[in-house]
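Student: this is a predicted model, with the sequence first.
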Amino acid sequence: MPRKNAESKEKPSEKKKTKQALKEKFAELRGNLPEKIWNELFEVAEREKLSEEEIKKLIEEAKKEYEQVLVEPCEAAGIVAAQSLGEPGTQLTLRTKHYAGALEVSVGSGIQRVEEIVDGRSKTKYASMTIYLNDELKHNKRKAEAFARDIVDVRTEDIARVKEDFKKKTAEIELIEERIAERNLDKEVMLSKIREAIKKGEVHKRRDKLIIQFPKELSLLKIRNEVLKIMRKRLQGISGIEKTIVTEENGEYVIKTLGTNLKAVLKRKEVDPYRTTTNDVMEISRVLGIEAGRRAIVEELHKTLTENRIKVDLRHLLLIADLLTFTGEIRGTVRTGIMRLKQSPFARAAFEETVKHLFDSALHGEREPLQGVVENLIVGLPVKVGTGRVELIMKE
Amino acid sequence: MLQKKIGSIDFRVLSPEIIRKMSAIEIKTAETYDKDGYPMEEGLMDPHLGVINPGLRCKTCGQTMKHCPGHFGSLELVRPVIHAKFSKVIEDILTATCQKCGRIVLPENVLKELEKELDKSKELVAKKIKAKVKKVKKCPHCGAEKGKIMLDKPTNFYLDKRRIYPTEIREWLEKVPNEELKFFGLDPKIVRPEWFVLTVLPIPPINIRPSITLESGLKSEDDLTHKLVDIIRINERLRENIEAGAPQLIIEDLWDLLQYHVTTYFDNQTAGVPPAKHRSGRPLQTLSDRLKGKRGRFRYNLTGKRVNYAARSTITPDPYISINEVGIPKMIADELTVQEKVTSWNKSRIKELIKKGRVVTVIRPDGVKKRITEDNKKDIINEIDAGYVVERLLQNGDVVLFNRQPSLHRISMMAHIVRIMPEKTLKINPIVCKPYNADFDGDEMNIHVPQTEEGQAEARELMLVEKNVISPRYGAPIVVLDEDGISGAFILTMDQTEFDKEKAYQYFYEMGLEEIPKPDRGNKYSGKLIFSQLLPKDLNLHYKSKMCEVLEKTDPNYKCKGYECPYCVTIENGKLIRGVIDENSLGEGKGKLVDALARNYPPEVIRRFYDCMSRITSDLLTTKGLTVGLREFEVSDRIKKIANEAIKEAIKKGAELVKKYKEKKLQLVPGRNLEESFEYYMLRLTSEIKQKVEAHILNEKVKTVLQENPELNSNIMIVSGSRGSSANLMNISGFWGQAAVREGRPERGYRNRVLSLEKEGDVGVKARGFITQNFMEGMDAEEYFFHAIGGRQGEVDTGVSTKVSGYLYRRLANALKDLYVDYDLTVRTSSKDIVQILYGDDGVFPMKSKLGKAVDVEELVRKVRGEKRNAKKKCRK
């Protein structure tokens, strides 16, 4: 989700000034027109070079039209949103991953992806980041690639194999040529980094090998633990970033990754922190806050749906995202998520774990307020959405 | 009339006192019926528990079967047993309290502090207490030793490895003071912990466990009765043994058995307890089984209601009825009734109906119902007056709700106007197939008749078909002409199409024209002129047609000429001047013309348009004909040559790639290894080649449509977008291309090869599912099997994906269904919490928006300037 770049830094051009002036001039006519329409009006007015008289008329017309398209109160907005996502669900593909473009990393897609987002799962199956670079790197392929290589999480076990000799209490760590070549790493640097990780025992270097002689008094278990610790040591990069690919996008170099670590990546000065993002919704909400998480849910859902050529109005997705996030943290549409927050014992019982919910309500002496849809359906009263919500009595 | 309405429902745990109080009779014997078949007194079928035989009166309340709700009985348990569902709570309380004084084993000051935190989170406090009492060895209040409690699920408790029995537990729980219950999340006004140990068991009324008399005269009891018999029997045995002074061991065994029966009586699927079985070996269905799951009381009976005033039948198409009508068989119309209030205005009409026998019952103002028979007909006609209500049979013009399952969105149920017709199927205009997702291969649909004026008014105002043409999902038409409808409109509006006077007059008659326009092509009428008669006179539109898009795609020399483009649609003052009507005018989600008609005009306009189009297109297609033949799938030699060369090229290039791959000289795709890169190159190779050939074939077929006298065949369908695509054409006339399994080439099968026909280790084009033949020519065995692999995957995927998406939908609906838009345009939950400050962040309802756009500014500018069309010379997509 690209956040808006700091546009305000640029000087407002002459054109913008006149538009701004016009906007201010007609500000009192605006009424309740939303920002987006308001801006569009003036953009078009400027392009079409409308006279002030015409602009006035245009605003009036827009206001009239806007009032026509407002939601009607009592509309069952929730169920319409659920239907809008549920009905085309069968048209979603079953594929679990796909390659977003030829030269990119695989990302989750299809119905499983929608499920993942809507459930509010804490881990995204095919997590991936899109890292935008700062002005220095974004047009310099060499530097971008160097940076991409630099952030890949490399552990000792990724590039070396180990041989332990418990009799002699030694361990031999040998670098694997191909793996190092694959990752474009420097052998000597890696060796010295591994060396830093070795805390106990003496180290001898023999070509590509490091031979460690552990102290004789160290127990075998401790040696094994020590070796494992060395093997798991991160030699370079950012934890969690498994793979990086540099691609070109709108005339600048962008890094796509497999694996995600938004917090650590944003700390690097090489990236453009305003636009760099990840497809892990939970992570965004953790690092950037719940509002960012909400936007991320909408964007991710929208992306998945458009990939499958399913048209769903953004407003439905917004409502779903708002429901998932309005408590301040992401809660999925599962029995441990927002369903548990429902006050009504009937609503919970009719969803899942019927018996458990009934006993729990009895134990705590809960009251069924009969405000929701299922609850009223169960006792045979009109449901309180749509026309069922209007309480008008005709005068006799 | 005063009606009682449920305001709210409280959930409680029954105390022994309440159980005894509400008990109509104490059950004492395990026998149900005596030798003569009469229910035993104080047995499980005691008549005090309610009546289930018609004619009898209840011994408790004196009501008949219809009015007696049934009454609970009670059973005094000789020894108390644990209620298994509460054993976790019991465990929590026992571990935290002292056996001697009953208080929580934490010092006074700690409790005080915890009390303050109670307001914030009850769960958190409970957790803290649990953690704190773990270390306590001595009660700080009375100094007694604190033992360790162990729960052997579901019901056995141990104190420092000594088994403690329910009697002891109950005594312990009784000691816990009221003031300290709140720490366990319990309210002493509502519940006492000792109630979790049962001393008396409520016996449910016989209404919920009726016995069935089989044809053989034998009585078969309900599972619940069986279970209760078990409980009573063991209870009796336990009593006898205790009274006889049997050894402790035997008593404890029986006690455990009683516990087992009570546990399984509540839940026969309790973990760690073998389910109680019927004599036949089938597990008994006890209380919790009745409630839970898809077929349980909650989901099956309480949220799934069955209704009267409904009918169901197979559907068949009838393009000559209106889109908002439904053809109802006479048989159904003679059965369904609607209530109608008699007023001074409709009195005579209703009397007429009674005379004709179209009224079934009459309800007098005092609520008494009377069935009309031949005998009392006359009296009733005389008696009837304003204030009476009649139930009359369905008649033309009534409104009914029409529905097809699965009801996935709200347009799966719309209102239609009744039109009684002969034959036995429900008839609908094929235009409404799309929203219902219906076809006529045996689909059945349901009708429901709204009974009250309120219901009928809502149906007419909100649910009528023509008022739901725009989808609330994306703000574009969903009720659309499809398949033959679009083909017909396309043929009608092609430049070549003209009609003589006779045919044209027939169409004008179908439209109900009052003024007949002058012929525009000498003596003849052009199809465009006829079509224009359906458009409102103030309609001005210009947009790109599908035809133009197809030409742009296939012919590199073609360029759209904007306003002058002969294929793009230009409508001026309700006249189709240029262009053909195709998918871009009428199609689902993109039909610009129907979108304009549905949005800017009253709903009757779009209905008239659809009704007339439906009639005209079906007549046009039956008279002119639209056929599919093998001939149109034959391609010219030029195309055949292109295809053959393309295939050769693919195989050649593929072989080169294989060579490079085997030699490991392949240039790697960034971020992929050798195999992945190779697969990527192979897939790209085949799909590129296929696309090239596909464009050639499509181009050739488009040209046939543009001929002076085009053949009306499947090419029309493809070009107009009504059915089929160039991909289908390619499969039939070109070659199939790569058979794909999960986005890749097939690779599983035998060792190192997919089919036994292949050489081991061959990863070339042909060996991994490249199909060079088409449906016209037929495939050879090898290709046929590859084709089947891809086909099966599709079949499996649809099956799995309906399951997955069904559950996803259920959860979404359950989470979202209570949300509504309040009068201040906030979105709220049923408990009035705000979810959204302004619906959709701009308050616009998608159904009223234009593909999500609230206000079309460009359109408004034109309106302000008084222009009919955009001054710029570009077709709007």
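Tutor: Great, that's in hand. Numbering: from 1, shown residues only, chains lettered A, B, ... in the order given.
Student: CA atoms only: put stretch B:534-552 into CSV for me.
Tutor: These are the backbone C-alpha positions of stretch B:534-552, laid out as CSV (Å, rounded to 0.1, in the frame of the first residue of the first chain):
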residue,chain,number,x,y,z
LEU,B,534,-37.3,1.2,-27.8
LEU,B,535,-35.1,4.1,-26.6
PRO,B,536,-36.4,7.2,-24.7
LYS,B,537,-36.4,10.2,-26.9
ASP,B,538,-33.9,12.2,-24.7
LEU,B,539,-31.2,9.5,-24.6
ASN,B,540,-27.8,10.5,-25.7
LEU,B,541,-24.9,8.1,-25.5
HIS,B,542,-21.6,7.4,-27.1
TYR,B,543,-19.3,4.6,-26.1
LYS,B,544,-17.0,1.9,-27.5
SER,B,545,-18.5,-1.3,-28.6
LYS,B,546,-17.2,-4.8,-28.2
MET,B,547,-17.0,-5.1,-32.0
CYS,B,548,-14.6,-2.2,-32.1
GLU,B,549,-12.5,-3.7,-29.4
VAL,B,550,-12.3,-7.0,-31.2
LEU,B,551,-11.2,-5.3,-34.4
GLU,B,552,-8.6,-3.3,-32.6
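Student: distance between that stretch and the chain's centre?
Tutor: Relative to its chain's centre, stretch B:534-552 lies at 36 Å (Cα atoms, centre = their mean, to the nearest Å).
Student: buried residues in it?
Tutor: Buried residues in stretch B:534-552, counted by 16 or more other Cβ atoms under 10 Å in any protein chain shown: B:534-535, B:539-551. Any C-beta I mention is one placed from the backbone N, CA and C, and that applies to glycine too.
Student: what's the answer for stretch A:186-195, then?
Tutor: Those buried within stretch A:186-195 under the rule 16+ other Cβ under 10 Å are A:190, A:191, A:193, A:194.
Student: if we look at it, which residues are touching it?
Tutor: A:154, A:156, A:159-160, A:173, A:175, A:180, A:203, A:205, A:208, A:210, A:230, A:233, A:235-236 (Cβ atoms under 8 Å, 6 or more residues apart in numbering or on different chains).
Student: burial count for residue B:603?
Tutor: Residues contacting residue B:603 under the criterion other Cβ atoms under 10 Å in any protein chain shown number 16.
Student: for the helix or strand of chain B with the lowest mean pLDDT, packing partners?
Tutor: Lowest by mean pLDDT, DSSP states H and E among the helices and strands of chain B is helix B:857-865, with a mean of 80. Helices and strands touching helix B:857-865, by 3 or more Cβ pairs under 8 Å, 6 or more residues apart in numbering or on different chains; DSSP states H and E, are helix A:35-47, helix A:52-68.
Student: mean neighbour count for the ones you listed - can I get that in TSV?
Tutor: Listed next are the helices and strands packed on helix B:857-865 as TSV, based on neighbours: other Cβ atoms under 10 Å in any protein chain shown:
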stretch	mean neighbour count
helix A:35-47	16
helix A:52-68	16
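Student: quick one: those helices as JSON lines, columns for mean pLDDT and distance to residue B:91 too.
Tutor: Shown next, in JSON lines, are those (pLDDT from 0 to 100; distance: least, Cβ to Cβ, whole Å):
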{"stretch": "helix A:35-47", "mean pLDDT": "85", "distance to residue B:91": "57"}
{"stretch": "helix A:52-68", "mean pLDDT": "87", "distance to residue B:91": "61"}
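Student: make JSON lines out of those helices and add distance to chain B.
Tutor: Supplementary listing: the helices and strands packed on helix B:857-865 in JSON lines, determined by distance: least, Cβ to the nearest Cβ, whole Å:
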{"stretch": "helix A:35-47", "distance to chain B": "5"}
{"stretch": "helix A:52-68", "distance to chain B": "5"}
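Student: and those helices as a markdown table, adding distance to residue B:388?
Tutor: Shown next, in a markdown table, are the helices and strands packed on helix B:857-865 (distance: least, Cβ to Cβ, whole Å):
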| stretch | distance to residue B:388 |
| --- | --- |
| helix A:35-47 | 55 |
| helix A:52-68 | 43 |
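Student: ok, residue 25 - contacts?
Tutor: Chain wasn't specified; assuming chain A. residue A:52.
Student: wait, chain B
Tutor: By Cβ under 8 Å, 6+ apart, the neighbours of residue B:25 are B:42, B:46, B:48, B:49, B:60, B:73, B:74.
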